[in-house]
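Visitor: 3D, please:
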Amino acid sequence: MYDCLIVGGGIAGLQAAIQLGRYRHKVLVVDKGIGRSTWCRSYHNILGWPDGISGPELRRLGRQQAEKLGVEFRQDEVIAAAKNGKDVEAACASGGSIRGKTLLVASGVTDRFPPIPGLMPCLGLSVYVCPDCDGYETRNRRTIVLGSGPVGANMALTLKHWTDKLVYVNHERAVVGSELLDRLQREGIEYFEEEIESVVAPGHGPDGAFGGVRLRSGGLVSGERGFIAFGGNEVHSDWTRALGLERLDNWHIVTDPRTKQTNVPGIWAAGDIGVHAEQVTVAMGEGALSAIWIHKELQQRLEAAEQGHGPRLVKA
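Guide: You can find the predicted model right below:
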């Protein structure tokens, strides 16, 4: 029996694991090993890393730090979970189940994008996802938004804050609408409603540099930076369905803003799975916050058990 099960070994899960390890709790992190943070190869907006740090390196350092504190890791996928009395029992894809006194849901979000040849080597290095994180990298550079319908159009308009050299390629040719098309035109944003055949790099080398896109019609649209904006991202909360957690229509989990606890006692959520700006620094903060309140809950249960009473619920 673990004091806390953490589902998701990304930034929020790792930060929580470190904090709980420092409280000397018995913690297990269950992680698939892939997610948003594994794709980003240069976070530039994190305090102390002015030259950037990659997601994989941040994860490696975080896991190393947590393991030194006694936190255990298991590469697996939790496919379902349910309350078992006061505790939580989770079923894993590899078979069997694990139990914890508390649960932190940190399973995150996966961005949807089509398998465009040449995209992956650039993703997280010269092609980005989040304008709040990486809009600065496009400043005064010719930037191409690879997207679909209104989502891509709005991304292009958002990036106007940093650059006037913008192109939107509506790869899936989803309807944008006349109002948005008029706005794109007024803002001087070039618009193509064509499928992208491939992403090209300067010299056609696989070095992560972005040189533009080749259209299915054969045309080449040059660029220095790229953004993907296809919408329909997958929020990994479906495995929590039996727990009865409150979720929004887009499946993000609702939490108390102070404690990050969900509507179900003993269960917390942090990081991109929740309702926030989907920033790595925010995920760190939420991971730490949730761990602090998980510790309070575990301490109250221990004190109640020693006094021979039932556990009290943590109050925000």
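
Visitor: mind checking pLDDT for the nearest residue in space to residue 24 that is not next to it in sequence?
Guide: In space, and not counting its chain neighbours, residue 24 is closest to residue 70: 7.4 Å by C-beta to C-beta, 6 or more residues apart in numbering. Just so you know, the C-beta spots here come from the backbone N, C-alpha and C atoms, and that holds for glycine as well. If you check residue 70, the pLDDT there is 98.

Visitor: let the chain start at 804 from now.
Guide: Got it, the first residue is 804 from now on, which makes the last one we talked about residue 873.

Visitor: which phi and psi does residue 873 have?
Guide: In terms of degrees, to the nearest 10, the main-chain angles of residue 873 are phi 90, psi 0.

Visitor: how many other residues sit next to it?
Guide: Counted with other C-beta atoms under 10 Å, the neighbours of residue 873 add up to 13.

Visitor: gap between stretch 1087-1100 and the chain center?
Guide: With C-alpha atoms, centre = their mean, to the nearest Å as the basis, stretch 1087-1100 stands 18 Å off its chain's centre.

Visitor: okay, buried residues for it please.
Guide: 1087, 1088, 1089, 1090, 1091, 1092, 1093, 1094, 1096, 1097, 1098, 1100 (16 or more other C-beta atoms under 10 Å).

Visitor: among these, which one sits closest to residue 947?
Guide: Using C-beta to C-beta, residue 1087 is the member of those that lies nearest residue 947, at 30.7 Å.

Visitor: any idea how far residue 871 is from the closest one?
Guide: 18 Å (C-beta to C-beta, to the nearest Å).

Visitor: surely residue 814 meets residue 841?
Guide: No: if you go by C-beta atoms under 8 Å, residue 814 and residue 841 don't touch, sitting 10.7 Å apart.

Visitor: overlap in contacts of the two?
Guide: With contacts defined as C-beta atoms under 8 Å, 6 or more residues apart in numbering, the residues shared by residue 814 and residue 841 are 858, 862.

Visitor: pick out whichever of the two has more residues nearby.
Guide: residue 814 (31 against 16).

Visitor: what sits closest to the more buried one if chain neighbours are left out?
Guide: Nearest one to residue 814, counting by C-beta to C-beta, 6+ apart, is residue 1086 at 4.3 Å.

Visitor: hang on, that neighbour in a strand?
Guide: No: assessed with DSSP: H, G, I helix; E, B strand; the rest coil, residue 1086 is helix; it does not lie in a strand.

Visitor: tell me the contacts of it?
Guide: By C-beta under 8 Å, 6+ apart, residue 1086 lies in contact with 813, 814, 815, 818, 1073, 1074, 1075.

Visitor: could you do residue 805 as well?
Guide: Residue 805 makes contact with 829, 830, 831, 875, 901, 902, 903, 904, according to C-beta under 8 Å, 6+ apart.
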